[in-house]
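Participant: Build me a model from this:
(chains A, B, C and D)
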Number of protein chains: 2
Amino acid sequence: MPRDGDTRDCAPPGGEPARPGRRLDRSRDADILDATLAVLVDVGFARLTMDMVAARAKAGKATLYRRWPSKSELVIDAVAHMKRGQVDLGRLPDTGSLRDDLLGLFTPQSAEEDERRLKVMAGLASLLAQDRALADAGVAAIVQPWVEAHRVLMRRAADRGEIPATADIDTLSQVIPSLAAYRALVQRKPFDRDFLVSMVDGVVLPALRNAPPLAAGHAP
Amino acid sequence: MPRDGDTRDCAPPGGEPARPGRRLDRSRDADILDATLAVLVDVGFARLTMDMVAARAKAGKATLYRRWPSKSELVIDAVAHMKRGQVDLGRLPDTGSLRDDLLGLFTPQSAEEDERRLKVMAGLASLLAQDRALADAGVAAIVQPWVEAHRVLMRRAADRGEIPATADIDTLSQVIPSLAAYRALVQRKPFDRDFLVSMVDGVVLPALRNAPPLAAGHAP
DNA sequence: ACGTTCCGGTACCACAGGGTTCCGGTACGT
DNA sequence: ACGTACCGGAACCCTGTGGTACCGGAACGT
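Facilitator: So this is what the prediction gives:
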């Protein structure tokens, strides 16, 4: 959350207010947040220093502290800033086949983006154990939208009868995102299409088609 | 790995050698390692200080450095030390039913142990992104034996015809450990029996029974 | 031109924590 | 008793880093 002191208060929509000596300056925030994410990807939160961020953003350390009160706040803001460009729940694939829908979430361009997101997640790993707020922010920004997308696709498939209505969608929609996160965080192997196909055909689809009638459905 | 200098070289099996001024001292190592694990569980690797470990073990910091060359080595040793008491691959449940075997891995006494292991894993999270060796040691000590146990149980079930021979065991044996690790690390929810049952009945067993004939089997 | 306002860079401070050293104490074997 | 060898505790050094103060300069409006 950018500091609301100084001169950078929320200008009402409609371009820069005519303040004297005012630079464009609005795009600097994004540059700095991107630089923060880049450093975070490279070295993780613990080894991230404000000097690295400043150097990467070609900014002065003072500028960082002028806008964010601390390292933590800067990183939180950077992670939140990453949400932009996330999977758009309104524009999900809808091919009539659940398998194609699921694989359709993985476009070549989204691949590198996902990889990046998971690396950010890995960079945040140190905080999962100590800063609950930041960890939750990271999860909400990175994994949750993905789970939501899976849930929608599976729900549709159930509605059109492609999979049994008894399928435990709440559980199974978390499987692939969880496994992907685990693979990226712990195993440090790439999340590629082969892996996705293996998960879809080997785990999720078989489980969905073979839903047990008595499943009590504990959402994880 | 305890430093091999000083006087604590590998005494050949057969009790304490009669060295003058020698205390029992053999149990101190275990105490220190346990203390290290306890602190690791509490605050994670980043916030773990040698003073904390020394205080917890009622030992002096000097003693720690007399035996381990650095903080990293101490923690690695502590994690490896945790392997002791791990699932014994020789004494796995064998009820004739894969479901009962899988659920049988989860005994009330093992529950708290697993919880502890996963907390250690969470404490190591900071290192997953930076110290590959330590991260791998943690994974090998905590998750891998569990995967192995699942693989054995599934292999047996396939051999006796309970599940199709085409089932992708290499992939599916990783599912529950991965999901459990994800749940503990990222979601910070407890790994309880309800969750396990949900995973076994909702994901793994349906997927095993409904193995597609053409599965190319990409082990994750 | 000129002042205003912000910016980037640098030097600096404070402090936490890893690692080292030293010392008095204590249990053991002799 | 006495020496030995290790132990626990505490003081200490040193580096890295978060955070601050300050300066010259560049853009913009007037």
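Participant: contacts, neighbours, all on C-alpha from now
Facilitator: Noted.
Participant: wait, does the worst-scoring helix or strand of chain A on mean pLDDT contact chain B?
Facilitator: The least trusted helix or strand in chain A, going by mean pLDDT, DSSP states H and E, turns out to be helix A:132-142, with a mean of 77. Yes: on the criterion C-alpha under 8 Å from any C-alpha of the partner chain, helix A:132-142 is in touch with chain B at A:135, A:139.
Participant: Can you give me the neighbour number for A:Arg91?
Facilitator: A:Arg91 has 8 neighbours, counted by other C-alpha atoms under 10 Å in any protein chain shown.
Participant: contacting residues for it?
Facilitator: Contacts for A:Arg91 (C-alpha atoms under 8 Å, 6 or more residues apart in numbering or on different chains) come out as none.
Participant: if I look at it, how far off is A:Val152?
Facilitator: According to C-alpha to C-alpha, to the nearest Å, A:Arg91 and A:Val152 sit 11 Å apart.
Participant: A:Arg66 now?
Facilitator: A:Arg66 is 42 Å from A:Val152, by C-alpha to C-alpha.
Participant: And A:His81, by the same measure?
Facilitator: Distance from A:His81 to A:Val152, by C-alpha to C-alpha: 24 Å.
Participant: check which helix or strand covers A:Ser126.
Facilitator: Using DSSP states H and E, the element containing A:Ser126 is helix A:108-128.
Participant: how much space between the residue nearest the centre of chain A and B:Arg47?
Facilitator: Nearest to the mean C-alpha position of chain A, by C-alpha atoms, centre = their mean, lies A:Ile142 at 2.0 Å. Distance of A:Ile142 to B:Arg47, computed by C-alpha to C-alpha: 25 Å.
Participant: repeat for A:Val143
Facilitator: From A:Val143 over to B:Arg47 (counting by C-alpha to C-alpha), the distance is 26 Å.
Participant: And for A:Arg99?
Facilitator: Counting by C-alpha to C-alpha - A:Arg99 and B:Arg47 are separated by 44 Å.
Participant: Compare those two (neighbour count), which wins?
Facilitator: Ranked by neighbour count (other C-alpha under 10 Å), A:Arg99 and B:Arg47 place A:Arg99 first, with 17 against 14.
Participant: Would you agree that one is in contact with A:Pro206?
Facilitator: No: applying C-alpha atoms under 8 Å, one finds A:Arg99 not in contact with A:Pro206, separated by 10.9 Å.
Participant: which residues are in contact with both of these two?
Facilitator: Overlap of the contact sets of A:Arg99 and A:Pro206 (by C-alpha under 8 Å, 6+ apart) is empty.
Participant: Using PDB, write out the CA atom coordinates for the least confident helix or strand of chain A.
Facilitator: The C-alpha coordinates for helix A:132-142 follow below in PDB (Å, rounded to 0.1, in the frame of the first residue of the first chain):
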ATOM      1  CA  ARG A 132       0.300 -14.900   8.200                       C
ATOM      2  CA  ALA A 133      -1.100 -11.800   6.600                       C
ATOM      3  CA  LEU A 134       1.500 -11.600   3.800                       C
ATOM      4  CA  ALA A 135       1.300 -15.400   3.300                       C
ATOM      5  CA  ASP A 136      -2.500 -15.200   2.900                       C
ATOM      6  CA  ALA A 137      -2.200 -12.300   0.600                       C
ATOM      7  CA  GLY A 138       0.200 -14.300  -1.600                       C
ATOM      8  CA  VAL A 139      -2.000 -17.300  -1.600                       C
ATOM      9  CA  ALA A 140      -5.100 -15.200  -2.400                       C
ATOM     10  CA  ALA A 141      -3.200 -13.500  -5.300                       C
ATOM     11  CA  ILE A 142      -1.600 -16.500  -6.800                       C
END
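Participant: Residue in chain A with the shortest distance to chain B?
Facilitator: A:Ser126 (3.6 Å; C-alpha to the nearest C-alpha).
Participant: per-residue confidence at the closest residue to that residue other than its chain neighbours?
Facilitator: Closest residue in space to A:Ser126, ignoring its immediate chain neighbours: B:Ser126 at 3.6 Å, by C-alpha to C-alpha, 6 or more residues apart in numbering or on different chains. We have a pLDDT of 72 for B:Ser126.
Participant: And chain A, split by domain according to the record?
Facilitator: The record assigns chain A these domain ranges, following automatic domain parsing: A:26-82, A:90-209.
Participant: So which of the ones you listed is the most surrounded?
Facilitator: The highest mean neighbour count among the domains of chain A, using mean count of other C-alpha atoms under 10 Å in any protein chain shown, belongs to domain A:90-209: a mean of 19.
Participant: how long is it end to end?
Facilitator: One end of domain A:90-209 to the other measures 26 Å (C-alpha to C-alpha).
Participant: right, is that domain up against DNA strand D?
Facilitator: No: shown here: domain A:90-209 not in contact with DNA strand D (C-alpha under 7 Å from any atom of the strand), separated by at least 13.2 Å.
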